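>>> With the sequence up front, the predicted model follows.
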Amino acid sequence: QLQLVESGGGLVEPGGSLRLSCAASGFPLDAYAIGWFRQAPGKEREGVACITTSVGTTNYGNSVKGRFTISRDNAKKTIYLEMKTLKSEDSGMYYCAADRGYWSMCKLDETEYDYWGQGTQVTVSS
């Protein structure tokens, strides 16, 4: 059973930066699509970014393009989400999720993902 644990959330001022980590255990991370999703109170879960661990293809939600960067370190079995120029609307619980397979591309559709972490809270506020 693949397990995912997120970390790195916290309180940051608008314009600031944070780096989230998603650590995987249970299986090698060489054949998955890993996605980051977020959910603010009262809102639906939103796909933020995803990456294929086999070839490194990435995909970003429109609201974060140019500000967020997703990357992977397969040896460390960790996926990172570098977030810059943060805005108040970036606040929410951030989850990483995994979809097993040798994917050449990834989708920001939560129904595609089978394994989920517990989430890490990001709050952007002055």
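Sure thing, it's come through.
>>> what pairs with the residue most central in space within the chain across the strands?
For the chain, the residue nearest the mean C-alpha position is residue 36 (2.3 Å; C-alpha atoms, centre = their mean). Beta-bridge pairing of residue 36 under DSSP bridges involves residue 49, residue 96.
>>> got the contact list for residue 20?
6, 7, 8, 9, 36, 80, 81, 83, 94, 96, 120, 122 (C-beta atoms under 8 Å, 6 or more residues apart in numbering). In short, each C-beta sits where N, CA and C put it, glycine included.
>>> what's the closest non-adjacent residue to the third one?
This points to residue 8. residue 20 (4.2 Å; C-beta to C-beta, 6 or more residues apart in numbering).
>>> That neighbour: what secondary structure?
Applying DSSP: H, G, I helix; E, B strand; the rest coil to residue 20 yields a three-state assignment of strand.
>>> now the strands: where do they sit in the protein?
Ranges of strands in the chain, per DSSP state E, are 3-7, 10-12, 18-25, 32-39, 46-52, 58-60, 68-73, 78-83, 92-100, 115-116, 120-124.
>>> In the last one, which residues are buried?
The reference is to strand 120-124. By 16 or more other C-beta atoms under 10 Å, the buried positions in strand 120-124 come out as 120, 122, 124.
>>> how close does the last one sit to residue 75?
When you say that, I think you mean residue 124. Distance, residue 124 to residue 75, using C-beta to C-beta, to the nearest Å: 31 Å.
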